[in-house]
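Q: Prediction below, plus the sequence it came from.
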Amino acid sequence: MIECKQDRKVKRIDAKVVALSGILTGMSIMWIAIMPVYIDLGMWSFTLFSHIFIFIALLIDPVTAILVTVGTVLGFFFKGASVPVLMRAGSHIIFVLYAAFFLEYVKVDRLFKLIIFVLSTAIVHALFEALAVILAISLGVYATVPNATAIWGVTFGATIAHSIIDTLAALAVFSAIRIPLKMKTKVFLLRKKSL
């Protein structure tokens with residue numbers, strides 16, 4: 001444990017969480033920068049499992065999740081992604097804040113609460129990515145303006161699917177590493193040996 005003094009209060013920071021924050025941030029940057037499965041649709045791109053490190057971080061600590069999200073944006077920047085893709089990646093901060101708030105205030109101890117977490121996070125994620133596309137259009141970033149069907153169909157619909165797949169993958173990975181690494185989580189269902 002590392003101790004930090006704040007206004008006469010002592011806050012303990014778990015060194016394991018700090019180390020995992022760095023590891024997950026580095027992995028997210030590298031994953032996006034060198035991932036061979038990258039679908040580029042011109043105005044949109046989809047990188048296989050690009051959110052997995054964010055979701056693993058959410059299961060550990062909200063600050064870790066925010067750091068990993070910033071790392072993900074850096075990964076897209078290093079890859080040379082377009083401004084709209086960077087704006088979409090930047091919008092992830094909002095769904096991460098929502099998901100962290102959800103995990104802080106809702107006891108995820110039943111399967112239906114986990115389903116609500118996964119679906120609601122995917123919807124918030126997709127909504128703010130679509131809004132990032134709309135903002136990019138209004139700023140004149142796109143050479144050709146996509147129609148409403150493309151914005152809501154491709155951005156919103158595909159992001160929901162992508163988010164759900166990455167969340168489920170993150171839950172599986174976290175379940176496998178949680179016990180050997182003695183990690184704590186707010187998702188009570190994951191405290192058992194298996195889902």
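A: Yep, that arrived. What you see is a predicted model, and the numbers here were worked out from it, not measured in a lab.

Q: Next, the buried residues of the helix or strand containing residue 112.
A: According to DSSP states H and E, residue 112 maps onto helix 111-138. For helix 111-138, a neighbour-count test (16 or more other Cβ atoms under 10 Å) marks 113-114, 117-118, 121-133, 136-137 as buried. From N, CA and C alone the C-beta is placed, and that goes for glycine too.

Q: Which strands and helices lie in contact with that helix?
A: helix 83-90, helix 92-105, helix 158-181 (3 or more Cβ pairs under 8 Å, 6 or more residues apart in numbering; DSSP states H and E).

Q: element containing residue 39?
A: Using DSSP H and E, residue 39 maps to strand 38-40.

Q: low pLDDT regions in the protein?
A: Within the chain, the stretches with pLDDT under 70 are 1-13, 36, 38, 40-44, 143-146, 179-181, 183, 186-195.

Q: Show the contacting residues for the residue nearest the centre of the chain.
A: Residue closest to the mean C-alpha point of the chain, counted by Cα atoms, centre = their mean, is residue 54 at 3.5 Å. Neighbouring residues of residue 54 by Cβ atoms under 8 Å, 6 or more residues apart in numbering: 28, 65, 68-69, 72, 92, 96, 166, 170.

Q: So which of these wins on neighbours?
A: Using other Cβ atoms under 10 Å as the neighbour test, the contacts of residue 54 are led by residue 68, with 30 neighbours.

Q: how about the helix or strand that one falls within: buried residues?
A: If you go by DSSP H and E, residue 68 is part of helix 62-79. Buried residues in helix 62-79, counting neighbours by 16+ other Cβ under 10 Å, are found at 62, 64-76, 79.
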